[in-house]
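A.B. asks: got a structure for you, letters missing:
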């Protein structure tokens, strides 16, 4: 009786194994024949497993349905191109492709987040630099502050109506009652003074080393 039971169990396992192989063959043949009907059992047999795998990554940007559809599309293309060597089951092959898609998408997300963080830090550094430069400028005498504000459209010494305007030297000369040549020379001297102050300011040396 024991031998008979073992024999029946062995036959049952062989039948299941054969059934699995036949199932894969049916799927592959259906793909080659452009059968839409074969996609129904493919979805029923594989989607839940793929969905669980995607959820294990614990990332809300990964959509199981999208991952499955993209993975299935790539699997179908590979099978039609002869890239599926049948060394594994169809389900295992599809699972591997879907997992690789998840890993690539996560890699892109991490790269994007890293770049955004770098951009944020760089932008923050630029604001700090500008803030320090303006502080240095404010330490200068009123004549230099005024001419620099006018030339570079900085707030403080500009009419409200022209707050976004960079003044020409002719316009500066009219406002300050100077000749255009004198306005240009005064601006140059003030810029030279600003450079000297910047070079002696510890917070700014790293930017202009």
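C.D. replies: Now that the structure is in, tell me what you want to look at. From a predicted model like this one, the values you see are computed outputs, not experimental measurements.
A.B. asks: count of residues packed around residue 62?
C.D. replies: If you count neighbours by other C-beta atoms under 10 Å, residue 62 ends up with 18. Any C-beta I mention is one placed from the backbone N, CA and C, and that applies to glycine too.
A.B. asks: Distance-wise, check it relative to residue 173.
C.D. replies: 64 Å (C-beta to C-beta, to the nearest Å).
A.B. asks: quick one: contacts for residue 143?
C.D. replies: Residues in contact with residue 143 (C-beta atoms under 8 Å, 6 or more residues apart in numbering) are 186, 190.
A.B. asks: chain center to the helix or strand containing it: distance?
C.D. replies: For residue 143, the host element (DSSP states H and E) is helix 142-152. Offset of helix 142-152 from its chain centre (C-alpha atoms, centre = their mean, to the nearest Å): 41 Å.
A.B. asks: Quick one: mean pLDDT over the helix or strand just after it.
C.D. replies: Next helix or strand after helix 142-152 toward the C-terminus (DSSP H and E): helix 169-176. Mean pLDDT, helix 169-176: 89.
A.B. asks: Averaged pLDDT, the helix holding residue 143. What do you get?
C.D. replies: pLDDT averaged over helix 142-152 gives 87.
A.B. asks: now stretch 86-97
C.D. replies: 90.
A.B. asks: Show me which positions of that stretch end up buried.
C.D. replies: In terms of neighbour count (16 or more other C-beta atoms under 10 Å), stretch 86-97 has its buried residues at 90, 91, 93, 94, 95, 97.
A.B. asks: so which helix or strand takes in the third one?
C.D. replies: Using DSSP H and E, the element containing residue 93 is helix 90-138.
A.B. asks: Could you do residue 74 as well?
C.D. replies: Going by DSSP H and E, residue 74 is part of helix 64-80.
A.B. asks: Tell me the helix or strand right after the least confident helix or strand in the chain by mean pLDDT.
C.D. replies: Every helix and strand in the chain was compared by mean pLDDT, DSSP states H and E; the lowest is helix 2-32, with a mean of 60. Using DSSP H and E, the helix or strand that directly follows helix 2-32 along the chain is helix 39-56.
A.B. asks: by contact count, what packs against that next one?
C.D. replies: Contacts defined by 3 or more C-beta pairs under 8 Å, 6 or more residues apart in numbering; DSSP states H and E place helix 39-56 against helix 2-32, helix 64-80, helix 90-138.
A.B. asks: give me the number of residues near residue 188?
C.D. replies: Around residue 188 there are 11 residues (other C-beta under 10 Å).
A.B. asks: For the host helix or strand of it, give me every contacting residue.
C.D. replies: Under DSSP H and E, the secondary-structure element containing residue 188 is helix 180-199. When contacts are defined by C-beta under 8 Å, 6+ apart, helix 180-199 is touched by residues 133, 136-137, 139-140, 143-144, 147-148, 151, 169-170, 172-173, 176, 178, 204-205, 208.
A.B. asks: distance of the closest residue to residue 94 other than its chain neighbours from residue 96?
C.D. replies: Nearest residue to residue 94 in three dimensions, chain neighbours excluded: residue 75, at 4.9 Å (C-beta to C-beta, 6 or more residues apart in numbering). Applying C-beta to C-beta, the value for residue 75 to residue 96 is 9 Å.
A.B. asks: What of residue 32?
C.D. replies: 21 Å.
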